[in-house]
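> Fold the following and give me the result.
(one chain, ligands or ions: 1)
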Amino acid sequence: MNTKIAIVTGANSGMGLATSIELALQGYHVVMACRNEERGRIALDEAITATGSKQIELMKLDLGSLHSIRNFAAQFMDTHSKLDVLINNAGVVCLKREETSDGFEMTLGVNHLGHYLLTRLLIPALKAATQARVINVSSGAYKAGKIHLEDPNLTKRYNVIKSYSQSKLANIMFTRELAERLDGTNITVNALHPGAVGTNIGINRTTGFGTAIMAVVRKIPSFLTPEEGARTAIYLAIHPEVNGITGEYFYQQEIQELKPHAMDKSVSNFLWSWSAEQTGLPEELVK
Ligand SMILES: NC(=O)c1ccc[n+]([C@@H]2O[C@H](COP(=O)([O-])OP(=O)(O)OC[C@H]3O[C@@H](n4cnc5c(N)ncnc54)[C@H](OP(=O)(O)O)[C@@H]3O)[C@@H](O)[C@H]2O)c1
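Numbers count the residues shown, from 1 in each chain. Okay, the predicted model is just below:
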């Protein structure tokens, strides 16, 4: 039996949970990577009940901590011989400026730097699969984004649009840089925009602030359900049509042309090198 193995980050809520359930239904062994033990357990039970699968497991991963990411990657590679699909789905929106435990601005730290480190640490496991796929859940918000080269951690003049759009542009630039560096290997890397989806995004997990707003948003007919929002990520994870396609940005299961600023090579190169330095990795990726 050569069961395919998938990791989904932020698997306890919204599209992460919907993606985990669908991949389990498709016969994947799913690792639900969650930062909070209790929320993770509840979601794991829900996924098992929804699928009847015995191949779903919960692992602790806080993308706001380099230590936690290193622990997760080491533990995963100790217990699994390969990784077929990595879905970098977790994401935060922070109304006020916050910092990760390593002192990075939270949105860039979790949405980009955490996934940057995680993906690079898992490359040996991805290489051990026959054909591996990395999927980065970005957003159309990248269009308003700019990488603030002088101040990526947004210590000055913080606002939520600036931080979120920067992090989602970083997802796309990371996708393109990683795809280029992995060209000719068994690993493809793509990014996507899921659409406007009624999830728990933006709700403060400690205070509950935002719950009422999101309850209203979920009722707006044009908003997708988490299951609908997860479709492009699942397509990129499992569909044979995507074999060999790499470095692209998808929406509604189709490649989208990127705005020119997202393809600025000097900025994406800077972001790659800066991210390596911040996460304690060598700049060069050993293929
Ligand atoms: N919803 C939309 O309209 C929309 C549109 C475009 C793009 N997106 C993107 O879609 C992705 C999924 O978001 P969603 O809408 O499904 O939101 P969600 O329901 O809020 O789910 C976000 C997930 O990320 C997890 N997470 C947050 N911080 C984390 C950390 N430090 N370490 C590990 N996991 C962490 C959350 O865990 P906790 O529950 O423990 O906090 C949760 O499981 C995000 O990348 C988001 O930017 C969403």
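> Do a quick rundown of the strands in the stretch 1-150 of the chain.
5-9, 29-34, 56-60, 85-88, 132-137 (DSSP state E, counting those that start in this stretch).
> Quick one, which of these gets closest to the ligand.
Closest to the ligand of these, according to Cβ to the nearest ligand atom: strand 132-137, at 4.3 Å. Glycine gets a C-beta too; all of them are placed from N, C-alpha and C.
> Average pLDDT for that closest one, rounded please.
Mean pLDDT, computed over strand 132-137, is 98.
> helices or strands up against it?
On a contact count with 3 or more Cβ pairs under 8 Å, 6 or more residues apart in numbering; DSSP states H and E, strand 132-137 meets strand 85-88, helix 160-181, strand 187-193, helix 231-238.
> for the longest one, the distance to its chain's centre please.
For helix 160-181, the distance between its averaged C-alpha position and the chain's averaged C-alpha position is 11 Å (Cα atoms, centre = their mean, to the nearest Å).
> Give me the buried stretch members for that helix, please.
Residues of helix 160-181 classed as buried: 162-181 (neighbour count, 16 or more other Cβ atoms under 10 Å).
> Any regions of the stretch 151-287 of the chain where pLDDT drops low?
Within the stretch 151-287 of the chain, the ranges that satisfy pLDDT under 70 run 287.
> For the ligand, see how far away the residue nearest to Val92 when sequence neighbours are not counted is.
The shortest distance from Val92 to any non-neighbouring residue, by Cβ to Cβ, 6 or more residues apart in numbering, is to Val110 (5.0 Å). From Val110 over to the ligand the distance is 4 Å, taken as Cβ to the nearest ligand atom, to the nearest Å.
> Val110: how many residues sit nearby?
25 (other Cβ atoms under 10 Å).
> wait, what's in contact with it?
Shown in contact with Val110 (Cβ atoms under 8 Å, 6 or more residues apart in numbering): 63-64, 90-92, 100, 167.
> Noted, bye for now.
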